[in-house]
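> Only the shape, not the letters, is given here:
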């Protein structure tokens, strides 16, 4: 029969902390006080913990019962007895403890909030995007619209009703923004699912989910909400007025009208993208809506505009802001606003089809499209290429290889001529000229 350890008192146990090693304390077979040893001096460090040395099944196990003196002698004996009772009942206390810890960790993983997950997704976008403003837009829209409702909620608890609470107030009044907010909430919840913070369907998904809710279909909400555009019959009048305006923003707007390009394509234009000899502006895929490189043939008027611009040492931007960085998204709109302010209300630059709304820079793409479709005989494919529109027909897209640059050069030259008010009047047709 094994020798029983003497049952030590609390005072005797405190003295043991001066001696490194395992010390049997009695009261429960296999209960020890483990005193740590300094590796260099071999002396006791004063750190000590309770260990129960026992057998579970056919394996010897050391079961930790807590540190000393946080766990008193009496408590250590109670824990040791409890562990032995579980072993007799066929329960492994070590395995049980690991399972409890796993459940706790799993629960903590699911308790993360929407704002926590959103921050992770935004950080990912910052790392992936070449344009820091893209990630900033994610942060701004989520903070403004989603966080007040979802921010402090556990992502595991977010349901369709919560997403609708975010979207309904802005779905009709700010539909484009609302659409982006929905997409970004969906992305955040998808990230949360992948990382184990939630399970089940994504409540922000549109198809087969929110499309069955009370939210109107996007096509219905967007009806009549296109960018306000100037009738092409007034385009030359606008251009003549614009050319009297000074400043880099006015020149950027003029270049935008001449090239029918989008705002971000203009504002981010670099001198290194422009081939002055070939008269071609090559916009990289990273700044194109379709994600594909786009070549823009430059008319003589566009070239003359570029040649008249100042070049700033160390700044590659064609149209820099006054402080040298990229101009704001609202800069060209401000030029149009000033031009409208200078005119009587009934003579301003407005879109009569949209209840007299002031025109937008983006609307000049529609002005160009209307003019090209109604006043010229250029093929629709060339016009769509000039606008860098994606080909919706998959079969046609698969077979189209070129970008019709030569035809588009003629088209953009005729557009520049029309803007100089020397082109044929509306209602006549400009024939396609023979290529040299």
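Good, I have the coordinates. Keep in mind the model is a prediction, meaning the values are calculated, not measured. Numbers count the residues shown, from 1 in each chain.
> Model confidence for residue 428, exactly?
The per-residue pLDDT reported for residue 428 equals 47.
> Also residue 216?
87.
> In the longest strand along the chain, which residues are buried?
The strand that spans the most residues within the chain, counting by DSSP state E, is strand 44-56. Residues of strand 44-56 classed as buried by neighbour count (16 or more other C-beta atoms under 10 Å): 44, 48-54, 56. Where you see a C-beta, it was placed from the backbone N, CA and C, and this is true even at glycine.
> Next: stretch 185-198.
Residues of stretch 185-198 classed as buried: 185-193, 197-198 (neighbour count, 16+ other C-beta under 10 Å).
> What is the nearest of the buried residues of strand 44-56 to residue 122?
Using C-beta to C-beta, residue 49 comes nearest to residue 122 of the buried residues of strand 44-56, at 43.3 Å.
> could you list every residue that touches the closest one?
Residues near residue 49 by C-beta atoms under 8 Å, 6 or more residues apart in numbering: 33-34, 64-68.
> how about a cut-off of 6 Å?
34, 67 (C-beta atoms under 6 Å, 6 or more residues apart in numbering).
> Show me what secondary structure element comes after the longest strand of the chain.
Going down the chain from strand 44-56, the next helix or strand is strand 59-68, by DSSP states H and E.
> Show me where this protein has its strands.
For the chain, the strands defined by DSSP E occupy 21-24, 31-37, 44-56, 59-68, 274-275, 280-283, 294-297, 350-351, 357-358.
> Residue 159 is nearest to which of those strands?
Using C-beta to C-beta, the strands of the chain put strand 357-358 closest to residue 159, at 37.9 Å.
> what pairs with that closest one, and is each one parallel or antiparallel?
With DSSP bridges as the test, strand 357-358 is paired with strand 350-351 (antiparallel).
> Low-confidence bits of the stretch 51-200 of the chain, can you list those?
For the stretch 51-200 of the chain, residues meeting the criterion pLDDT under 70 lie at 102-110, 130-131.
> repeat that with 90
53-67, 76, 80, 82-112, 125-137, 154-156, 172-177, 195-199 (pLDDT under 90).
> the helices in it, which residues?
For the stretch 51-200 of the chain, the helices defined by DSSP state H, counting those that start in this stretch cover 73-88, 93-110, 114-128, 132-141, 147-150, 160-167, 175-194.
> Check which helices and strands the longest one sits against.
Secondary-structure packing of helix 175-194 (3 or more C-beta pairs under 6 Å, 6 or more residues apart in numbering; DSSP states H and E): helix 114-128, helix 132-141.
> Contacts for the last one, please.
Same thing as helix 132-141. Outside helix 132-141, the residues that touch it by C-beta under 6 Å, 6+ apart are 122, 125-126, 129, 180-181, 184.
> And stretch 150-163, by the same measure?
110-111, 113-115, 117, 192, 197-198, 203-204.
> again, only using 7 Å
110-115, 117, 149, 166, 185, 189, 192, 197-198, 203-204, 213 (C-beta atoms under 7 Å, 6 or more residues apart in numbering).
> now swap in stretch 227-235 and tell me
With C-beta under 7 Å, 6+ apart as the test, stretch 227-235 has contacts from 238, 349, 351-352, 354, 357-360, 362-364, 366-367, 370-371, 418-419, 426.
> List only those of those residues flagged as buried.
Looks like the contacts of stretch 227-235 have 238, 349, 351, 354, 358-360, 362-364, 366-367, 370-371, 418-419 buried, using 16+ other C-beta under 10 Å.
> quick one: which of those is nearest residue 339?
Using C-beta to C-beta, residue 349 comes nearest to residue 339 of the buried ones among the contacts of stretch 227-235, at 6.2 Å.
> Identify the residues contacting the closest one.
The contact partners of residue 349, taken as C-beta under 7 Å, 6+ apart, are 230, 238, 336, 339-340, 358-359.
> tell me the pLDDT at it?
If you check residue 349, the pLDDT there is 90.
> can you check residue 375 too?
Note for residue 375: predicted pLDDT of 93.
> Tell me, how many residues neighbour it?
Using other C-beta atoms under 10 Å, residue 375 is surrounded by 21 other residues.
> Please apply the same query to residue 353.
Neighbourhood size, residue 353 [other C-beta under 10 Å]: 13.
> Please name the bridge partners of residue 59.
The partner residues for residue 59, given DSSP bridges, come to residue 56.
> Let the chain start at 34 from now.
Will do, 34 is the new start, and the previous item becomes residue 92.
> sorry, back to before: between the buried residues of strand 77-89, which is closest to residue 347?
residue 82 (63.9 Å).
> mind checking how far the closest one is from residue 93?
18 Å (C-beta to C-beta, to the nearest Å).
> likewise residue 363?
Taking C-beta to C-beta, one finds residue 363 at 74 Å from residue 93.
> More neighbours: the two, which one.
Per other C-beta under 10 Å, whichever of residue 363 and residue 93 has more neighbours is residue 363, with 12 against 9.
> For that one, grab phi and psi.
Backbone torsions of residue 363, given as degrees, to the nearest 10, read phi -100, psi 0.
> Many thanks, we can stop here.
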